[in-house]
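Asks: Sequence and predicted model, in that order:
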Amino acid sequence: YTHSIAKEGRSRKITLWLPQKMSPKFAVKAIVDTSITKPGVTAKETLSVTLSSIKLNQGIPAATFAIPAGYKVVDGKVEPPQ
């Protein structure tokens, strides 16, 4: 699957790979290409995620999601780049 959007000098293209015979269906690979163009500036970024060794219906210990010792969680506001 692929989806593209462009507006006011910004563009994003998302490409997903979904196996046809897997249930539940979820992307095993995703690529997101983002670009911003303004006078005098062009920025491009590519994010690629690939899942492998997928095991369905497996328990995941809560410790897997624990914040590592020494890290501090800070609330903040995230805004897209201007």
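Replies: Here it is on my side, so go on. As the structure is a prediction and not an experimental result, all values here were calculated from the model.

Asks: From now on I want contacts and neighbour counts done on CA atoms only, so please keep to that.
Replies: Fine.

Asks: helix, strand or coil for Thr42?
Replies: strand (DSSP: H, G, I helix; E, B strand; the rest coil).

Asks: pretty sure it is touching Ser35, no?
Replies: Yes. Counting by C-alpha atoms under 8 Å, Thr42 touches Ser35, with 7.2 Å between them.

Asks: Give me the more crowded residue out of these two.
Replies: Between Thr42 and Ser35, Ser35 has the larger neighbour count (other C-alpha atoms under 10 Å), namely 15 against 11.

Asks: Please name the nearest non-neighbouring residue to that one.
Replies: Lys44 (4.3 Å; C-alpha to C-alpha, 6 or more residues apart in numbering).

Asks: so who does the one you found touch?
Replies: Residues in contact with Lys44 (C-alpha atoms under 8 Å, 6 or more residues apart in numbering) are 33-36.

Asks: Columns distance to Ile14 and pLDDT on top of those residues, output as a markdown table?
Replies: Output for these, formatted as a markdown table (distance: C-alpha to C-alpha, whole Å; pLDDT from 0 to 100):
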| residue | distance to Ile14 | pLDDT |
| --- | --- | --- |
| Asp33 | 7 | 97 |
| Thr34 | 9 | 96 |
| Ser35 | 12 | 96 |
| Ile36 | 15 | 94 |
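
Asks: would Ala63 count as being in a helix?
Replies: Yes. Under three-state DSSP, Ala63 falls within a helix.

Asks: what about it, distance to Gly76?
Replies: Ala63 sits 24 Å away from Gly76 when distances are taken as C-alpha to C-alpha, to the nearest Å.

Asks: Thank you, goodbye.
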